[in-house]
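Chemist: mind folding the following:
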Amino acid sequence: MRPQDLNLLMVFDAIMTEKSITRAADRLSMTQPAVSNSVSRMRTAWKDEVFVKDGRNIQPTIYAQNLWEKIKLPLSSLSDAVDPKVFDPATARRTFRIASADIVADTAWAHLRKIIEQEAPHINIHAIPYTIVNADKVLDDAEVDLVIGDASGTSSTFRSEFLFTPSFLCVMRLGHPLAKQKLGLHEFANADHLLVSLSGDTTGVTDQVLMQHGLSRRVALTVNHFSSVAKLVQNSNLICVVPTAAVYEAILDEKIAATRPPIDIPPNQISMIWHKRQDRDEGLAWLRQHLKQIIVSNTKNNTKATMLKLCKSNPQICSAAEQDSHIDNVRPITLNTAI
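Modeler: So this is what the prediction gives:
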């Protein structure tokens, strides 16, 4: 391969990754006119438009998309082989993009930011919406470095590391007719439900389990984020099946009531997911290490604190082991995930 061909591929890869000629120029430490000139050479050499204008943005042609699918992993491996980069958090200048549910960004970011200010002052963290259905695509297209969510359906192209398995509660306003120690199956099914749907679907795992019992429910309201659940149920007659960590603050502050759902909700395991081309990325490994510590520790503490309170006020919903459990020096820290 001629050197100029490889240079074009490196510029092409940067543009596809950044989806911007300006950002690609910054990434390559080149001027914008130099990158634009390289695009002109690509069009001549490859006999394709490669990129077309879309308002103020650019979009790759079908040829460009197919080409990138073939070269992005080999280019990454080649770059690592000839120029292995040692990540020094104190001096590194980098932006990490993470796809996650809203509560992860709302809560874990604060603790992560403290670490960044102490160890890596030039590191940026940008949150990207996580909608379940787009997890594979945003990783494969290098739109994000990391996804926090359900890894059960991912292919061998991706790597994952388990974080935790969520538990579920049924929450409602204080004084709700169903705010009692034992919630019946039929009265649960007949209530008006709030559903958190990250995919936009109007049915969830709860509906699948109810169908096994020959029942269905009315999903009266859906939202695509967890942060509004407590306020919505607090000011309505809606009930909602939700991960414990998503509503723990409202339960501890006695703003909402909570009990066990009358059905077993099969939980998805929550993991960190990344593309295998970044297996040797020391910067991403550094970030994953800190995120895992924050998420695992905080989720455990939040869930234990919540269940301790519920067991004291509503002992019939807890097992004997849960009633005997105790928490010493637990400081609840919010952490939630996409389910």
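Chemist: hang on, Lys53 in a strand?
Modeler: Yes - the assignment for Lys53 by DSSP: H, G, I helix; E, B strand; the rest coil puts it in a strand.
Chemist: so what's it scoring on pLDDT?
Modeler: Predicted confidence (pLDDT) for Lys53: 88.
Chemist: and if you look at the one 3 residues further on?
Modeler: Confidence at Arg56, expressed as pLDDT, is 78.
Chemist: next up, the contacts around it.
Modeler: With Cβ atoms under 8 Å, 6 or more residues apart in numbering as the criterion, no residue contacts Arg56. Yep, even glycine has a C-beta here, placed from its N, CA and C like the rest.
Chemist: so who does Ser228 touch?
Modeler: By Cβ under 8 Å, 6+ apart, Ser228 has no neighbours at all.
Chemist: and if we set it to 10 Å?
Modeler: 102, 194, 196, 221 (Cβ atoms under 10 Å, 6 or more residues apart in numbering).
Chemist: reformat these as TSV; add neighbour count and pLDDT.
Modeler: Below are the contacts of Ser228 laid out as TSV (neighbours: other Cβ atoms under 10 Å; pLDDT from 0 to 100):
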residue	neighbour count	pLDDT
Asp102	21	85
Leu194	22	98
Val196	23	95
Leu221	15	97
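Chemist: among those residues, which are located in strands?
Modeler: Cross-referencing the contacts of Ser228 against strands under DSSP state E gives 194, 196, 221.
Chemist: let me see the backbone angles for Gly55.
Modeler: phi 70, psi -120 (degrees, to the nearest 10).
Chemist: let me fix that, I meant to ask about Ala127.
Modeler: Dihedral angles (degrees, to the nearest 10) for Ala127: phi -90, psi 140.
Chemist: and for the one 4 residues further on?
Modeler: Its backbone dihedrals place Thr131 at phi -120, psi 20, with angles given as degrees, to the nearest 10.
Chemist: how near is it to Val138?
Modeler: Applying Cβ to Cβ, to the nearest Å, the value for Thr131 to Val138 is 9 Å.
Chemist: looking at those two, which one has more neighbours?
Modeler: Between Thr131 and Val138, Val138 has the larger neighbour count (other Cβ atoms under 10 Å), namely 20 against 17.
Chemist: phi, psi for that one please.
Modeler: Dihedral angles (degrees, to the nearest 10) for Val138: phi -70, psi -30.
Chemist: for Leu146, see how far away it is.
Modeler: In terms of Cβ to Cβ, Val138 sits 10 Å off from Leu146.
Chemist: who touches both of these two?
Modeler: 97, 99, 128, 275.
Chemist: quick one: contacts for the first one?
Modeler: The neighbourhood of Arg97, defined by Cβ under 10 Å, 6+ apart, consists of 124-128, 138, 142-147.
Chemist: what's across from it in the sheet?
Modeler: Beta-bridge pairing for Arg97 (DSSP bridges): His126.
Chemist: looking at the shared contacts of Val138 and Leu146, which is nearest Thr203?
Modeler: Ala99 (23.0 Å; Cβ to Cβ).
Chemist: so which strand or helix has that closest one?
Modeler: In the assignment (DSSP states H and E), Ala99 maps to strand 94-100.
Chemist: run the chain-centre distance for that strand.
Modeler: 10 Å (Cα atoms, centre = their mean, to the nearest Å).
Chemist: what does stretch 275-282 give?
Modeler: 18 Å.
Chemist: quick one, helices of this protein?
Modeler: Using DSSP state H, the helices assigned to the chain run over residues 3-18, 21-28, 32-46, 62-82, 102-103, 109-119, 135-140, 185-190, 205-212, 229-234, 248-252, 282-313, 320-324.
Chemist: give me the residues contacting the first one.
Modeler: If I follow you right, that is helix 3-18. Contacts for helix 3-18 (Cβ under 10 Å, 6+ apart): 1-2, 20-28, 30, 34-35, 37-39, 41-42, 45-46, 50-51, 58, 60, 64-65, 67-69, 71-72, 74-76, 78-79, 141-143.
Chemist: residues near the nearest residue to Val86 once chain neighbours are set aside, how many?
Modeler: In space, Val86 comes closest to Glu282 once its chain neighbours are excluded; the distance is 6.6 Å by Cβ to Cβ, 6 or more residues apart in numbering. Neighbours of Glu282 under the rule other Cβ under 10 Å: 15.
Chemist: next one: Val86
Modeler: 7.
Chemist: that one and Arg280 touch, don't they?
Modeler: No - the pair Val86 / Arg280 is not scored as a contact, 11.3 Å apart, by Cβ atoms under 10 Å.
Chemist: what about stretch 175-190, how long is it end to end?
Modeler: 18 Å (Cα to Cα, to the nearest Å).
Chemist: contacts only, for the residue nearest the centre of the chain.
Modeler: The centroid of the chain falls nearest to Ser100 when counting by Cα atoms, centre = their mean (1.9 Å). Taking Cβ under 10 Å, 6+ apart, we find Ser100 in contact with 106, 108-109, 127-130, 144, 146-149, 270, 272, 291, 295, 336-338.
Chemist: fine by me, thanks again.
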